[in-house]
Every structure is written in structure tokens, then in C-alpha cells.
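Asker: Below is the structure, and that's it, no one-letter string:
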């Protein structure tokens, strides 16, 4: 009898703790949603939505479609001043210490994904994430789910439990197989840049690209026909290079700084530029001669090839870095030859860049045998510049037909 009494008491304590944590999560979610729609966050949200839904890829979105981006905007997108919006809110005066601590925990530990519901009981759902099959238990906060559903959300860690994120929606029946294929393709692309990338990394960084596949799946497209194109992977694994001379690390720092100087706000060029430098260093093993000439060469190759900037000249970059143009030409040829750098090279591009995503849409439409892309061209045989021109033409035609 005493055991039963202790069990009953323990159950009440657990219920009270769960109720308190649920209230905290529910209240904080509401405040964060309000913050994302406030004037204070308007600039950051606008930049984030432009990156999430590039104008050339998404037209005539429904008013509530922005909710697909809510968790990514709050916890992953780096707003101006290099902080995410949730942490910007956490720095304000309106939160209690418990809310502030929870918001920081959400930012650091949110787990995005598509989760198959295995069991539902007592406002909790036992989940399995696609496609890595990781198990989770999460408080639903009133979301109507049942076994067999696939829920799209970000799980937010509140104290010792997870809660459904700012946005939770059910994947339409029959789409899970195609989605898992699309996720595998995206992981193959990310793996070329980050060999040690996890599914958490993919979901957090590629969430906007993954949402684009939902529109494709919703149109009935057979996405299993889409494959990652052949290509090389990076040499550098993102970890400190053992035995690297100090000047290699100095050049890496300069490359990151200089590659961001002419970037548009919210673009992420520095990661790709740094990968290009470390790959060049590992492939060529340069000795210290003139580090500025290597800096200039990497910046030139990055802008000319990776970004597809046909206006940049070796002389321009040489003048900016204070080295002879001949040195830029010599070093850049070495880099291109050693690494086999291609225009819009998938090892070094920002996968969320609007042009990169437009090129990927053309690749997918070509693989699907879709419309004019199928009738006019083999997209893989065209230059990126021509593919982007075709993409603009198709979008203009669609806009005119719609209007």
C-alpha cells in the first residue's frame, strides 16, 4: 500500500512538473511568434524570408506560408549583426530568467525534422525521425497527431523534455518515400562540402531547400528521378589541419574577411571561400613565399568560378591585395588545375544562394522531364549562365500566364 501511495505521489509530482514546463513552452512560443511579427524584428525577418523564399523560386505565396520558415528564422538564420532572432529576443528585457534560459536552450538544441508518430499518450508523442530513425519523445502542446502521421516541426528542448516547435504540420499521406529520397540527395550535396555533416546539420542548414521539395512533391512530381550530379568532394574536413604552418591559418582568416566584404547582407560566402583555400593548401602544399598572392588567387578563383562573376579581373584582385596581376594568374591557374574547380562548384557554393537554387531547380526540372526544359535542352550541357537565363525566361512566362 505504501508503494502505491509513493507511486501516486510521484505521478502527481511528474504531472505538475510537466504542466509547469508545458506552460513555459506554450507561453514562450507565443511570445517568440509575436516577436517575429514585430517591428523590432522586421528587418531581420525580411532578410531571412528573402533568403528562405528567393523571388525567382517562389511566386504568389499564400499569406501563412511564411510559417514554414518560422523555426528556421528564429533559431538558424543569422540576422544582421550576426545573431539569430531568438537570441536577439533573449537579450531584451521582457523575458523572465526561466524564459531566457529556455530560449537559449532552444537555439542551441532545437532538433528539426520530419517525425513519424509511433504512439500518442498523455499529450506526449513517441516519434522516429526520418530518415535516420532517431527516437524522440515530445510534448505535443495540443497538436492533433495520431500514430502513422509524419509531423514536420522543430523539437524544442525545455528543461528535460522536448516540445513541438513554432510551426508543426502533417506531411500529406504518401509523400514520405519521395521526401526521404530528396533528403538523401541533399545530404549527398552537403557531404561534398562537409564530410562529417549529420542529419541535424542538414535539417538546420538546408531547411529552406527541403521546404522547396514539399512544393514539388505536392505537385505530384516523381522526385526519385532527381539525383545529385557527379562531382568531387572537399579535401578539408573542417577540422584544424595538423602541422599546418601559421601563415596558412592567417590566409584562411583573411579569405573569410575579404570574401564577405562585397557580399550582400545575409549571404554566407566565407565558409565556401575558406573551404577553397584549405583545399588548395592541402592539394598544393604551398611554401611561404608571398601569402598575399595566395589570398588574391583564392579570392579571384572564388569570385570568377564559384560565384560566377564574369566581371572580376585578375588585375582588380591584384590591386586590392597589393600583388602583381601575373602572380594572381599563376596561382589561380594552379588552384583551378589542382582542384578541378568548376563554375558554381558545389563544393564551395552557398547552397542557399538564389542563383545556386535556381540552377538546382533547372537540374531537377530536367531530371523530371518537365515542360520546356525537357523540350528545349539537356540542361547539364549548358553553361550556368545559360541555365540561369532559361530559368528567368521560364519564370517570366509563368508570371505572364498567371497574370
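Answerer: Perfect, I can see it now. Because the structure is predicted, anything quoted here is derived from the model rather than measured. Residues are numbered from 1 along each chain as shown.
Asker: Isn't residue 54 up against residue 359?
Answerer: No. Taking contacts as Cβ atoms under 8 Å, residue 54 lies outside contact range of residue 359: 11.8 Å. Where you see a C-beta, it was placed from the backbone N, CA and C, and this is true even at glycine.
Asker: who's in contact with the helix or strand containing residue 115?
Answerer: If you go by DSSP states H and E, residue 115 is part of strand 111-121. Identification of contacts with strand 111-121 by Cβ atoms under 8 Å, 6 or more residues apart in numbering yields 71-72, 125-130, 136, 138, 140, 145-155, 157, 162, 165, 171, 176, 179, 199-200, 203-204, 207.
Asker: what do you get for stretch 185-198?
Answerer: 199, 201-202, 205-206, 209-210, 226-228, 231-234, 237-239, 271-272, 275, 346-348, 351.
Asker: next one: that stretch to chain centre, how far?
Answerer: Averaging C-alpha positions (Cα atoms, centre = their mean, to the nearest Å) puts stretch 185-198 11 Å from its chain's average.
Asker: Below-threshold pLDDT in the chain: ranges please.
Answerer: 1-14, 56-61, 63, 80-82, 262-267, 370-381, 390-391, 393-403 (pLDDT under 70).
Asker: can you rerun that using 50?
Answerer: 1-13, 376, 401 (pLDDT under 50).
Asker: what sits against the residue nearest the centre of it?
Answerer: By Cα atoms, centre = their mean, the mean C-alpha position of the chain lies nearest to residue 205, the distance being 2.2 Å. Neighbour list for residue 205: 76, 190, 351, 352 [criterion: Cβ under 8 Å, 6+ apart].
Asker: coming back round to it: for the contacts of strand 111-121, I'd like a selection string for ChimeraX - just the buried members, please.
Answerer: Entered in ChimeraX, the line below selects the buried ones among those, by 16 or more other Cβ atoms under 10 Å:
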select :71,72,125,126,127,128,129,130,138,140,145,149,150,151,152,153,154,155,157,162,165,171,176,179,199,200,203,204,207
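Asker: List the buried residues of stretch 206-220.
Answerer: In stretch 206-220, counting by 16+ other Cβ under 10 Å, buried: 206, 207, 208, 209, 210, 211, 212, 213, 214, 216, 217.
Asker: After whatever helix or strand the fourth one lives in, which helix or strand is next? Please name it.
Answerer: Using DSSP H and E, residue 209 sits in helix 199-218. In the C-terminal direction, the helix or strand that comes right after helix 199-218 (DSSP H and E) is helix 246-261.
Asker: Name the next helix or strand downstream of that next one, please.
Answerer: Later in the chain than helix 246-261, the nearest helix or strand by DSSP H and E is helix 270-284.
Asker: buried sites along that following helix?
Answerer: Buried residues in helix 270-284, counting neighbours by 16+ other Cβ under 10 Å, are found at 270-283.
Asker: Tabulate the residues you listed in JSON lines, adding columns for distance to residue 363.
Answerer: Converted to JSON lines, the buried residues of helix 270-284 look like this (distance: Cβ to Cβ, whole Å):
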{"residue": "270", "distance to residue 363": "25"}
{"residue": "271", "distance to residue 363": "22"}
{"residue": "272", "distance to residue 363": "19"}
{"residue": "273", "distance to residue 363": "23"}
{"residue": "274", "distance to residue 363": "26"}
{"residue": "275", "distance to residue 363": "21"}
{"residue": "276", "distance to residue 363": "22"}
{"residue": "277", "distance to residue 363": "27"}
{"residue": "278", "distance to residue 363": "27"}
{"residue": "279", "distance to residue 363": "23"}
{"residue": "280", "distance to residue 363": "27"}
{"residue": "281", "distance to residue 363": "30"}
{"residue": "282", "distance to residue 363": "29"}
{"residue": "283", "distance to residue 363": "27"}
